[in-house]
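Enquirer: Below is the sequence, then the predicted model.
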Amino acid sequence: MSSAYLLKRLLWALPTLLGVAVVVFVLLRVVPGDPIAMMTPPGARAEDIARLRQIYGLDTSIARQFFTWLGQVARGDFGTSISLRERVISLVVGKLPATLELVLVAMPLAVALGLALALAAVYFRGRWPELVIDGFTGLSLAIPDFLWALLFVLLLGVMFPVLPISGRLDPGIDSDPRTGFYLLESIVTGRFAIARALIQHLLLPAAALALPLAAGITRILKSSLLEVMNQDYVTLVRVKGYSRARVLVRVALRNALIPALTLTGVQFTFLVGGTVLIEYIFSYPGIGNLAIGAVIQRDLPLIQGLVLTFAVIFIVTNLLVDMTYALLNPRLRQG
Amino acid sequence: MHGSSRRGFLRASGAVAAAPVLAPLFGSGAARAQAGSVLTIAYNTTLPGWDPTSSAHTANPVVQSIFKSVFDQYVDQNPDLSFKPGILTRWEWNRDKTKVHLTLRKGAWWHDGTPVTPEDLVWSLERASDPQGTNPMQFVWGKMSNFRVDGYIVTADVKEFEPALLKWMAFLTAYILPKKAYTASGAQGWDAKPIGSGPYMVDKFERNGYVRLKAFPKYWGAKPAFETVVFKFVPDPASRVAEIESGSSDLTLEIPYEEYDRLIAKPGLAGAVHPTSDLGIIFLTNRDVMLDANVRLAAAHAIDKKAIVDRLMRGYGTPVDTLQAPQYAAFDPSIKVKYDPELAKQLLARSGYSIANPAKFSIQTTRGYKPKDYEMVSAVTGMWRKVGIDANIEVYDIAKHFELITQHALAPAAFYSWGNSIGDPSTSTGFAMFGPSPHAAWKTEDVDRMIAPLWSEKDEAKRIAGYKAVDRHIAEHGYAIPLLQYAQPVVYKKTLRFTPHVGGYVLPQVMTPA
């Protein structure tokens, strides 16, 4: 993968982002819900409503509002949130690390679980553990992440209360982090008690996000492993006297991993999207929760900023997936 | 990129996959609400920010409990909505009601240790009334001007008489803020370090997460029983149920009534369901079939409100027939709209409608915004069908509702709630039924003629009597169909003593250990 290719991909991202911006901006103006009507009390007069509309820049035409906003975005200014009275960029930058940490804990959980289950299913091929694993993956795929979240809340939060079910950190803990990456920062600075509390809060939402993805990885990897295990070179290795487990891990896994890792990369974007509901259920203060509040309040500048953020994450992730795929598959490195 | 090896990458991937070692994490168990000096409340909304007077959420009644814990209102309210001194010890009109005299409490302090001064009071009121500001109630506060300070008494001219002005002193956006601290921090910096004069100080605020409050040792009122209060923001009702059931929180509110009944049967938990100042009302718009009085009155008489409360709301709620709750100043218990399906059929027959040939219109409702809102409207349309009204249910969200009502474009019928925690008739019947109000669905001259003089009526008894007459007129003509007064479910640990408030407030400063 050459730098010219990378540059080309990045340049292509610009019209994509512009398209997203246009669609979101127009849609938000077309769908029902007036943020000024939401904030005005019953006794307000028409002139009061007009005054607020002018203050929040909603008194001009949609086209004019769009170009004003686009000009601001080009200068790195996403405007000011109507409901929170804070710069959109600082709100997003403040909450994005929480969501990224959640996703970055969910992802290894999913990969580890998917990997272990696929290896076990192939190792115990034709025996009862395979049936159990197949049943589990089927169930995990059939139940969406938000239902897993509710199940975890009931099971591990209420019936057997071993893990916290809301927030990012106990309100009683004073962490005073300098960055938004609380977990990373607490590990780097050696504050392991805080790291442990953070991980406790992350486990249930991360597990809810991870389970459906883990099931997908298991299915793909298992199928891929079975295919590889039937190849002649694997049979040759077995004939040489290597154990089934060693062949599975040392020989077959390497060649079967590419489809599963590709799926994982693609699913990363879905994990980010899935955080919206998961954060709501676990009262986790990330951009998903911020997005729900913004939509309820019809906070147009904040919604626009958040959608653009999600779009950037999707584009960057897809680019990284392509790069990783090229790294793993030498045939794709040229061109 | 070319220099990286696939083998190395795979090895690293394996290391990541093997990393999670989770067992030690379960060691200390879940976070528990601490007994004793810490009170943890699983709250039903998030707090967007800390300006209680001039931001988009200041008109949101749900966040007022938190504001009231940190900031002083000019005038306070008892749990039954009666008024009591807040940061003002006296608040009164002059003889001809052209001026108000406001007496500031002596010995009150801001959380930064500086004294609350009359200048702070004047600055707060002037800021609220600034036409260039963002206070959504500027139309009320703007009626005062020309503030003069004499010791601790502030006098203001009232440009346009507002009979409920002094009651507004206990309502939305009626909070005193520190001039010096706010000016120094600016609007953007204020959320990072808000300063009030209320019983609790903001210790830590994690937006969308929680706020931790500490008791303010120099508070002028009674010392709060709990040294630390945590409001956890848990907007999902199922999660709030889990919070209280798991013991992670000491108190929660606004949960489904079915869950309330289940939870209070559990050992260690208690509950209170108390009436609040929220009414569920079917507002009618003067258009289409609603211009026919027979249809409107038939729609009103066909609804068995008691059955709705008993069966749908599990008995939690109070059927109402006027736009005033029993705790309001202009409540008239003699106004009754009886449940009489036969009368409804007769009224419809007079206009040519029957079960075979029903009157048709749409009714709008939210779904899940208020308890059982959609279910309630479904029940109502079922009752209507039995007398000859075929209503089509349209579900919309609350943002759409506000947009439509300000454009006078609601469906002929629309169900939503109306809150009025100061209990004045001007802020219920007045704003809800006076045509020029953007939040009035019914706009006809007969009602407007009755309400218009009441806006400037200085004789309080006459004004209240006037609003009672308006409410009777509305009931007799079927201009609106009040259904019920909502009841707020609160569940808490038995180790806690909770005081219900008709305003729907959950105030930590009045809670004590049991």
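Expert: Received it, and whenever you're ready, just let me know what you need.

Enquirer: how would you label the residue nearest to the spatial centre of chain A: helix, strand or coil?
Expert: In chain A, the C-alpha nearest the mean C-alpha coordinate belongs to A:V272, at 1.6 Å (C-alpha atoms, centre = their mean). Following DSSP: H, G, I helix; E, B strand; the rest coil, the label given to A:V272 is helix.

Enquirer: I figured it hits A:T99, correct?
Expert: Yes: using C-beta atoms under 8 Å, A:V272 is in contact with A:T99, at 7.0 Å. Using the backbone N, CA and C atoms, a C-beta is placed for each residue, glycine as well.

Enquirer: ok, stretch A:188-200 near chain B or not?
Expert: Yes: using C-beta under 8 Å from any C-beta of the partner chain, stretch A:188-200 comes into contact with chain B via A:R196, A:A197, A:I199, A:Q200.

Enquirer: Remind me which helix or strand the residue in the stretch 151-300 of chain A that chain B sits nearest to belongs to.
Expert: Proximity to chain B, evaluated over the stretch 151-300 of chain A using C-beta to the nearest C-beta, is greatest for A:P285 at 3.9 Å. A:P285 is part of no helix or strand when elements are defined by DSSP states H and E.

Enquirer: now do A:A50
Expert: Counting by DSSP H and E, A:A50 is found in helix A:46-55.

Enquirer: okay, now B:K386: neighbour count?
Expert: 12 (other C-beta atoms under 10 Å in any protein chain shown).

Enquirer: Once you drop chain neighbours, what's closest to it?
Expert: Spatial nearest neighbour of B:K386, excluding adjacent residues (C-beta to C-beta, 6 or more residues apart in numbering or on different chains): B:P341 at 6.4 Å.

Enquirer: now swap in B:N44 and tell me
Expert: In space, B:N44 is closest to B:E254, 4.3 Å off (C-beta to C-beta, 6+ apart).

Enquirer: Tell me if I'm right that that neighbour and B:P237 touch.
Expert: Yes: if you go by C-beta under 8 Å, B:E254 and B:P237 touch, sitting 6.9 Å apart.

Enquirer: More neighbours: which of the two?
Expert: For the pair B:E254 and B:P237, the greater number of neighbours falls to B:E254 (21 against 17), based on other C-beta under 10 Å.

Enquirer: Please list all residues in contact with the more buried one.
Expert: B:N44, B:P237, B:R240, B:P371, B:Q488, B:P489 (C-beta atoms under 8 Å, 6 or more residues apart in numbering or on different chains).

Enquirer: Wait, a helix at the last one?
Expert: What that stands for is B:P489. No: using three-state DSSP, the secondary structure at B:P489 is strand, not a helix.

Enquirer: So what pairs up with B:R90 in the strands?
Expert: B:T103 (DSSP bridges).

Enquirer: my read: it touches B:T103, true?
Expert: Yes: using C-beta under 8 Å, B:R90 makes contact with B:T103 at a distance of 3.9 Å.

Enquirer: If you count surrounding residues, which of these two has more?
Expert: B:T103 (17 against 13).

Enquirer: okay, now the closest residue to B:P115 other than its chain neighbours: neighbour count?
Expert: Nearest residue to B:P115, sequence neighbours excluded (C-beta to C-beta, 6+ apart): B:W109, at 5.8 Å. Neighbours of B:W109 under the rule other C-beta under 10 Å: 15.

Enquirer: so what's B:W109 up against?
Expert: B:W109 makes contact with B:P115, B:V116, B:S197, B:F216, B:K218, B:Y219, B:W220, according to C-beta under 8 Å, 6+ apart.

Enquirer: Tell me the spacing between it and chain A.
Expert: To chain A, B:W109 is 25 Å away according to C-beta to the nearest C-beta, to the nearest Å.

Enquirer: Tell me the confidence at that residue?
Expert: At B:W109, the model reports a pLDDT of 98.

Enquirer: backbone phi and psi for it, please?
Expert: Dihedral pair for B:W109: phi -130, psi 150, per degrees, to the nearest 10.

Enquirer: Any of the contacts of B:W109 buried? List them.
Expert: Using 16 or more other C-beta atoms under 10 Å in any protein chain shown as the burial test, the contacts of B:W109 include B:V116, B:S197, B:F216, B:Y219, B:W220 as buried.

Enquirer: OK, contacts around the first one?
Expert: When you say that, I think you mean B:V116. Neighbouring residues of B:V116 by C-beta under 8 Å, 6+ apart: B:D72, B:I87, B:L104, B:R105, B:A108, B:W109, B:W110, B:I176, B:P178, B:S197.

Enquirer: how far is whichever helix in chain B runs longest from where the chain is centred?
Expert: In chain B, taking DSSP state H as the definition, the longest helix is helix B:460-477. Centre-to-centre, helix B:460-477 and its host chain are 24 Å apart (C-alpha atoms, centre = their mean, to the nearest Å).

Enquirer: I'd like the average pLDDT over it.
Expert: Here the average pLDDT along helix B:460-477 is 97.

Enquirer: ok, and for that helix, which residues are buried?
Expert: B:R463, B:I464, B:G466, B:Y467, B:K468, B:V470, B:D471, B:H473, B:I474, B:A475, B:H477.

Enquirer: which of those lies closest to A:V228?
Expert: B:I474 (77.7 Å; C-beta to C-beta).

Enquirer: wait, isn't the closest one in contact with B:V447?
Expert: Yes: contact criterion C-beta under 8 Å: B:I474 and B:V447 qualify, at 6.9 Å.

Enquirer: thinking again about what came up before, which two among the buried ones among the contacts of B:W109 are spaced furthest apart?
Expert: Based on C-beta to C-beta, the longest span within these runs between B:V116 and B:F216 and measures 12.1 Å.

Enquirer: okay, and the common contacts of these two?
Expert: Joint contacts of B:V116 and B:F216 (C-beta under 8 Å, 6+ apart) are B:W109, B:S197.

Enquirer: Now do the strands in the stretch 101-250 of chain B.
Expert: Counting by DSSP state E, counting those that start in this stretch, one finds strands in the stretch 101-250 of chain B at the ranges B:144-150, B:153-158, B:200-206, B:210-215, B:228-233.

Enquirer: Good, wrapping up.
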